[in-house]
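In: A predicted structure for the sequence below; I have some questions about it.
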Amino acid sequence: MSAPALESCHMAERTRPPGDGTAIVVPRAKSTRKVDRPSLYRVLLHNDDYTTQEFVDWVLVNVFRHDAETAHRIMLNVHMHGVGVAGIYPYEIAESKVRKTMSLAREAEFPLLCTLEPE
C-alpha cells in the first residue's frame, strides 16, 4: 500500500480551528428554576381507653422507625395529652404511614386513631 492509501485506512484526525490552538469551553447557564420543598404533614396518634401502650410502642418502632426509648416517650405523651406527633413527613409518606397504622390497629382489633395535619 502506498502512503496516501495507508492514511485513508486510519481514523481522520480532528483538525483544530486556526488560532493559538486552545479550545474554549463555554459553560451552560444555570437554570433559574427553583425546586420547592414538599409540604410537610404531622402524623398524629390519638389516645383511647382500649389500645394498649405496648401496641402503640410497637407501632412507633415498626411503622415510624423510632428507637424504643423515643417510641415510649411519644406513647407517654399521647397517653398524657390525648394526642401526640408520631412523625413529620411529605404528604404521600404521611398518608402511607396513617394507612399502615390504621390497618395494623384494626387487624389487632384496637380502635387506635391515626390522622395527619399540615405542618
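Out: Received the coordinates, thanks.
In: from the contact counts, what lies against the longest helix along the chain?
Out: Criterion DSSP state H: the longest helix present in the chain is helix 91-107. Packing partners of helix 91-107 (3 or more Cβ pairs under 8 Å, 6 or more residues apart in numbering; DSSP states H and E): strand 40-46, helix 53-62, strand 83-90, strand 113-118. Any C-beta I mention is one placed from the backbone N, CA and C, and that applies to glycine too.
In: now the angle between strand 83-90 and that helix, please.
Out: Helix 91-107 and strand 83-90 are oriented at 140 degrees to each other (axes from the mean of the first three to the mean of the last three Cα atoms, to 10 degrees).
In: put together CSV for the helices and strands packed on helix 91-107, with mean pLDDT and distance to Thr70 on each row.
Out: Shown next, in CSV, are the helices and strands packed on helix 91-107 (pLDDT from 0 to 100; distance: least, Cβ to Cβ, whole Å):
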stretch, mean pLDDT, distance to Thr70
strand 40-46, 98, 13
helix 53-62, 98, 8
strand 83-90, 97, 10
strand 113-118, 97, 17
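In: looking at those, which is nearest to Thr32?
Out: Relative to Thr32, the nearest member of those by Cβ to Cβ is strand 83-90, separated by 24.4 Å.
In: re the thing from before, so can I have CSV of the helices and strands packed on helix 91-107 showing mean neighbour count and distance to Arg33?
Out: Below are those laid out as CSV (neighbours: other Cβ atoms under 10 Å; distance: least, Cβ to Cβ, whole Å):
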stretch, mean neighbour count, distance to Arg33
strand 40-46, 19, 22
helix 53-62, 18, 38
strand 83-90, 17, 20
strand 113-118, 15, 25
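In: with distance to Ser96 added, can I get the ones you listed in CSV?
Out: Formatted as CSV, those follow (distance: least, Cβ to Cβ, whole Å):
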stretch, distance to Ser96
strand 40-46, 10
helix 53-62, 14
strand 83-90, 8
strand 113-118, 10
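In: between those, which one is closest to Met75.
Out: helix 53-62 (4.5 Å).
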